[in-house]
Structure formats: C-alpha cells, structure tokens
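A.B. asks: Requesting a structural model of the entry that follows:
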Amino acid sequence: MYSRIVIYFLSVHQWQGAAAAAILLAGAVPAPSAAQWRFSPSPTATAWYGVLDSLHLAGHGALPLTRAPGTPVAPLARTLAADRFDVIHFAPLYYPSASPVALADALEDAAGTAEPRAVRARFLVGALRAALPDAADRQHVASLASALRRAVPVGVEAEQLAAWQSAWDRRFASPLAPFLARDRLDSGVIWIVPSLGPEGRLFAGVPADRHDNLIAISTPVGADDADGPLFAAVREICFPLVSRTADRVALARRAGGTTQAARRASFAAVRCGAALLDAVAPAEAAAYRAHWQRVGGGGAFDALYPTDALLSAPVQAALTALQRTK
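C.D. replies: Numbering: from 1, shown residues only. I've put the predicted structure just below:
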C-alpha cells in the first residue's frame, strides 16, 4: 500500500514493490525523442477528472483535487469521498495509454477477479485491488465506468499547449535540468486538465526509466494567470523531495496523523517550488509566488504557505546542496 504522507505523489515503490515494477517495466511509456517534458492533451484524463469533478470529489487536503466547489451530495459521491478511495485520483496516470472506454473496462475488471490483457491496465487493476481490498469498494469505483464512457471531454486547444511548451522549453527546461536529473525526472509528459483543482498529480513510474513520468495539472485560475500551468508543474516536481523529507523527519507521527501531514507537505511543496526558482531561475520566482497567491485567494505568500518547522529547513538544505554541486 502506498504512503499517505503525501498522497498526491506516488511512485511504484509505494505499492507491491518488485511485482508492480515488473508490470510497469513491461509497459513503460515510450521515452520522448529528446530529454524533455512534453505538454500533451489527454482526452481520457480530461474525461475521468470531469466525472470526479461532477461529483465534487475535491478531497480533504490543503488544496482541492477538483475544480468545482462544494461537497459531495449524491450517496455514491459521499462514499467515494472517503480517504480509502484516494487511489481513484490517479487512475489515468496508472494507465496513460487508455482510451476512456479502455479505462472504464479496467475499472470494471478491478471489481472482479479477471486480469486485463494490457500491461498498464494490469497495473491499474493491481493498484485498485491493493488500495481497496474490499470488493464492494471496488464495485463503487466500477460504477463510474458508464459515466466515463458517456463523457465528452473538452480539453485545451493545441495552440495553447504549444505556447506553454515553448515557454517551458525557453524559461524552465535548462535551469531545472539538474534538479530533475537528481530525482530521475529528466523528462515525461504534462497533461493539462481543466477539471482538476490546484492540487495536481505526479506519478513516477518505472524506477529505472528516467522518462516514465507523468504530471497532471489544471488550467490557469484566471485571465491574469496565463503561466499558471508552468508554475503548477514546478510545484509538482518538488513532491519527491518533499516526500522524502517528510518520511525522514517522521512527519505523520510528529504532525498528529496523516491528514495533517499531507496538508503540511502540500504547502511545503509550494514553498519548495519558490525556493527552487529562487535558486535556479530567479526571474520566474515572483510570478510563481503570485500564481500561488491567486490560488490561495489572495494575501501574502508567506501567510498562505507558512514556513514548516519540520520540512522547510531540510528542503532548503537539499536545494542549497544541489546548487553547490552544479
């Protein structure tokens, strides 16, 4: 089972170890032609998160998982809002090649005992069965399959994706490269999904493959936030460092439980992104902070995302050490 300290960054090591790694290795996402992060559409992720958004499954963390405000009302939504169903927020990342129909099929397979044929479908099914050992819980997830099949995803225009890609390549790719290489995040795919909230998703797949990485983030929070997805991506790449630090300082035990630990780690990742840009791309740091101030509803950055007594100093030390080794 995966760690609940930072539930929105998962790696293959966090459930079933070597067995899961073997499944992933057999179905690894093809590496980009060059080491880079690629902004890409995902109709399947857009459809899936649209379904979750329609149920108001925003989660219990510091930042909402989905865009629509409000609390779950329908009986199924109230059930799926329980912490044990956190895994559903990663379903498209576990099976990134799936069409909406194929993802729906995998959700239904997970409710039973059959093994799907597609490699990454087997990984998703295994993750669902590991996280939800009760077959009745998996049936609740499978009940979303029909809504997923009916969904009509409306994604981001290709021209806009190309603009974000160009900005990332010009302004972020080179300065961030040493940091990304340290965490084996040399390249991957970034999905822009309008129905996501400010809490994104990062899935680091095959441990030996520095390119098998996926990020899912939302669209800008307003007309004055055109670069919002770029700054959201910077925060996401900080999660491996924050997660390691949280484990090292025993955050869950010292923070009074996993819910408080997840909240603190979420804010720590925001601050990590600011500190990272201060170090390697200072011209971007002020705009990064302004984005996260907009996400937080306004106010001072340090008030919205305060220094954490357990996490901030070790994270800053790690960034300072990275600078010394450049």
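A.B. asks: residues contacting T71?
C.D. replies: For T71, the contact set (Cβ atoms under 8 Å, 6 or more residues apart in numbering) comprises 56, 58, 81. Every residue, glycine included, has its C-beta placed from N, CA and C.
A.B. asks: So it: helix, strand or coil?
C.D. replies: Three-state assignment for T71 (DSSP: H, G, I helix; E, B strand; the rest coil): coil.
A.B. asks: same deal with A58?
C.D. replies: Classification of A58 using three-state DSSP returns coil.
A.B. asks: That one: how many residues sit nearby?
C.D. replies: Neighbour count for A58, taken as other Cβ atoms under 10 Å: 21.
A.B. asks: what's the answer for A45, then?
C.D. replies: For A45, the count of nearby residues is 27 (other Cβ under 10 Å).
A.B. asks: Settle this for me: it is touching V193, isn't it.
C.D. replies: Yes. Using Cβ atoms under 8 Å, A45 is in contact with V193, at 5.2 Å.
A.B. asks: what residues are shared contacts of those two?
C.D. replies: Common contact partners of A45 and V193 (Cβ under 8 Å, 6+ apart): A216.
A.B. asks: Which parts of the stretch 101-250 of the chain are helices?
C.D. replies: Remark: helices assigned in the stretch 101-250 of the chain by DSSP state H, counting those that start in this stretch are 119-131, 135-142, 145-150, 158-171, 173-182, 228-237, 239-248.
A.B. asks: Among the ones you listed, which comes closest to R263?
C.D. replies: helix 239-248 (11.4 Å; Cβ to Cβ).
A.B. asks: Can I get the helix or strand just after the closest one as CSV, trimmed to CA atoms?
C.D. replies: Downstream of helix 239-248, the next assigned helix or strand under DSSP states H and E is helix 251-254. Provided in CSV are the C-alpha atoms of helix 251-254 (Å, rounded to 0.1, in the frame of the first residue of the first chain):
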residue,chain,number,x,y,z
LEU,A,251,6.1,13.9,9.7
ALA,A,252,3.0,11.8,10.0
ARG,A,253,3.8,10.8,13.6
ARG,A,254,5.0,14.2,14.6
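A.B. asks: Output the contacting helices and strands for the helix or strand that comes right after helix 251-254.
C.D. replies: Downstream of helix 251-254, the first helix or strand assigned by DSSP H and E is helix 258-280. In terms of contact count using 3 or more Cβ pairs under 8 Å, 6 or more residues apart in numbering; DSSP states H and E, helix 258-280 is assigned the packing partners helix 173-182, helix 228-237, helix 239-248, helix 251-254, helix 282-295, helix 312-325.
A.B. asks: list the contacts for the residue most central in space within the chain?
C.D. replies: Nearest residue to the geometric centre of the chain (Cα atoms, centre = their mean): R201, 0.7 Å. Residues counted as contacts of R201 (Cβ under 8 Å, 6+ apart) are 8, 89-90, 93, 214-217, 236.
A.B. asks: Any stretches of the stretch 101-250 of the chain with poor pLDDT?
C.D. replies: For the stretch 101-250 of the chain, applying pLDDT under 70 flags no range at all.
A.B. asks: go with 90
C.D. replies: The stretch 101-250 of the chain contains residues with pLDDT under 90 at 114, 117-119, 183, 204-212, 221-223.
A.B. asks: Of all the helices and strands packed on helix 258-280, which one is nearest A77?
C.D. replies: helix 282-295 (23.9 Å).
A.B. asks: okay if I get the contacts of T71 as a markdown table plus distance to A226?
C.D. replies: Listed next are those as a markdown table, based on distance: Cβ to Cβ, whole Å:
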| residue | distance to A226 |
| --- | --- |
| H56 | 27 |
| A58 | 24 |
| A81 | 32 |
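A.B. asks: I appreciate the help and will end here.
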